[in-house]
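K.L.:
Provided below are the primary sequence and the corresponding predicted coordinates.
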Amino acid sequence: MKTAAIIVAAGRGQRAGSNTPKQVRLLGGRPVFEWSLRAFQAHIDIDQCVLVVPRGKHADYRDLIEDNVTVVEGGDTRSESVRAGLRACEIEENGIVLIHDAARPGLRAETISALIEAMATADAAAPALPVADALKRKSGTALSTIDRSELFRVQTPQAFRLKAIKEALGHDQDLVDDLAAIEAADGHVTLIPGDEALAKITYPEDHSRLEKLLMPTAPAPRFGSGYDVHALEPGDGVTLCGIKIPHTHSLVGHSDADVAWHALTDAILGAAALGDIGDHFPPSDPQWKGAPSDLFLKHAVEISRRAGWALTSCDLTLICEAPKIKPHREAMRARTADVTGLSIDAISVKATTTEGLGFTGRKEGIAAQASAVLAPVTLQD
């Protein structure tokens with residue numbers, strides 16, 4: 001593994017005006033810390049997520065999240081909590097670690113990508129916004145203007161090499177942020193463009209302000225399309241939409257070669273802007289040899305939902321001369337419904353031929369195209 005993300009959620013959040021710590025207060029129907037966690041989990045370049053929680057609360061948080069998240073207890077200060085998170089990182093020493101405050105829920109994929117890219121030439125990187133307001137220093141009754149041209153509001157996540165930040169934070173000190181440790185060691189720090197959505201929840205009014213900022217209106221549904229082709233070879237049948245159909249030939253592929261579900265998986269990932277099936281299940285990886293394609297389809301549905309998008313309908317078209325699809329169409333719809341969680345009336349499966357033209361017309365292979373509609377996850381979801 002190369003890149004880890006640490007979400008620091010170990011504070012008491014007393015200034016936020018609630019008996020409930022700000023990191024677990026609901027924002028848009030889910031805990032504040034979960035916004036950042038989902039953003040990291042959905043990003044293709046993040047290999048490990050570490051959640052640092054208050055002492056004695058490990059079980060409470062463990063029950064709220066998936067098993068693939070590392071949960072550790074923090075300390076009395078922020079720096080102690082960060083050190084606990086760093087000790088839990090399972091990436092290589094030269095790998096990248098992104099350290100993020102759970103109280104900044106507006107994390108976007110673009111910020112994560114920009115930070116990782118910046119680390120190619122820097123010892124550390126962080127998002128930052130210029131200071132827009134005039135700054136004054138008051139001394140008695142006199143005011144003086146402060147030049148703001150070189151001043152920035154620094155946000156999180158902040159990116160580091162694991163070994164470097166471990167060494168920089170190795171002393172018993174509590175810093176205003178982790179970047180200060182690299183600054184003290186004269187490291188090269190790159191600032192990338194910040195994001196107003198990354199504002200921190202500190203005071204009572206911050207929570208409602210971020211709720212309006214992050215969810216001003218419901219986003220429009222998204223549409224994705226997918227296309228896949230597999231060759232035919234002599235065999236005893238083909239698997240399409242999870243249904244084994246007797247045939248004189250079989251489909252060639254690294255997995256079970258379910259061309260229909262492969263196209264649908266790509267359509268879902270495309271609608272959620274999460275890459276394609278090859279990014280998540282590379283054919284060069286031997287663990288996917290012969291794998292049933294319901295694993296791929298379930299994964300696409302789940303990570304899209306974690307990114308805030310729920311599959312609402314899909315349409316699949318199979319392009320082949322044989323076998324006949326219509327006798328198996330209802331079974332294929334029902335099986336797709338089982339895997340995706342959709343009702344069967346939201347799933348269309350149909351077939352066509354190319355009138356004897358091309359590789360499908362010559363019965364050399366089967367092609368499939370799919371479309372998927374994803375809607376934003378509602379507060380009730």
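P.N.:
Noted; the coordinates are in hand.
K.L.:
just how off-centre is stretch 130-137 within its chain?
P.N.:
35 Å (Cα atoms, centre = their mean, to the nearest Å).
K.L.:
helix/strand/coil for P282?
P.N.:
coil (DSSP: H, G, I helix; E, B strand; the rest coil).
K.L.:
got a list of what it touches?
P.N.:
P282 makes contact with W288 under the criterion Cβ atoms under 8 Å, 6 or more residues apart in numbering. C-beta coordinates here come from the backbone N, C-alpha and C atoms, glycine included.
K.L.:
got a list of what the closest residue to G270 other than its chain neighbours touches?
P.N.:
Nearest residue to G270, sequence neighbours excluded (Cβ to Cβ, 6 or more residues apart in numbering): G224, at 3.5 Å. By Cβ under 8 Å, 6+ apart, the contact set of G224 is D266, A267, I268, L269, G270, A271, A272, S371, A372, L374.
K.L.:
again with A181
P.N.:
I165, A168, L169, L175.
K.L.:
distance of the third one relative to E321?
P.N.:
Taking Cβ to Cβ, to the nearest Å as the criterion, L169 is separated from E321 by 65 Å.
K.L.:
okay, those two: which has more neighbours?
P.N.:
Taking neighbours as other Cβ atoms under 10 Å, L169 and E321 compare with L169 leading, 21 against 15.
K.L.:
sec struct for the closest residue to that one other than its chain neighbours, please.
P.N.:
Spatial nearest neighbour of L169, excluding adjacent residues (Cβ to Cβ, 6+ apart): A181 at 5.1 Å. At A181, secondary structure determined by three-state DSSP is helix.
K.L.:
mind pulling up the pLDDT for A181?
P.N.:
Predicted confidence (pLDDT) for A181: 86.
K.L.:
which element, helix or strand, includes F40?
P.N.:
Element membership for F40 (DSSP states H and E) is helix 32-42.
K.L.:
now for that helix, which elements pack on it?
P.N.:
Here helix 32-42 touches strand 3-8, strand 48-53, strand 96-101, helix 109-118, helix 294-306, going by 3 or more Cβ pairs under 8 Å, 6 or more residues apart in numbering; DSSP states H and E.
K.L.:
mind listing what's buried in the fourth one?
P.N.:
Along helix 109-118, the positions that meet the burial threshold by neighbour count (16 or more other Cβ atoms under 10 Å) are A109, T111, I112, A114, L115, I116, A118.
K.L.:
just the contacts of A181 now: which is nearest K244?
P.N.:
Closest approach to K244 among these (Cβ to Cβ): I165, at 51.9 Å.
K.L.:
got a list of contacts for the strand or helix carrying that closest one?
P.N.:
Per DSSP H and E: I165 is located in helix 162-168. Here helix 162-168 makes contact (Cβ under 8 Å, 6+ apart) with 4, 83, 86, 89, 91-97, 99, 123-124, 160, 178, 181-182, 184-185, 187.
K.L.:
buried subset of those as a PyMOL selection?
P.N.:
In PyMOL, this line selects whichever of those come out buried by 16+ other Cβ under 10 Å:
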select buried, resi 4+83+86+89+91+95+96+97+99+123+124+160+178+181+182+187
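K.L.:
ok, now which ones touch K350?
P.N.:
For K350, the contact set (Cβ under 8 Å, 6+ apart) comprises D315, L316, T317, L318, I325, R329.
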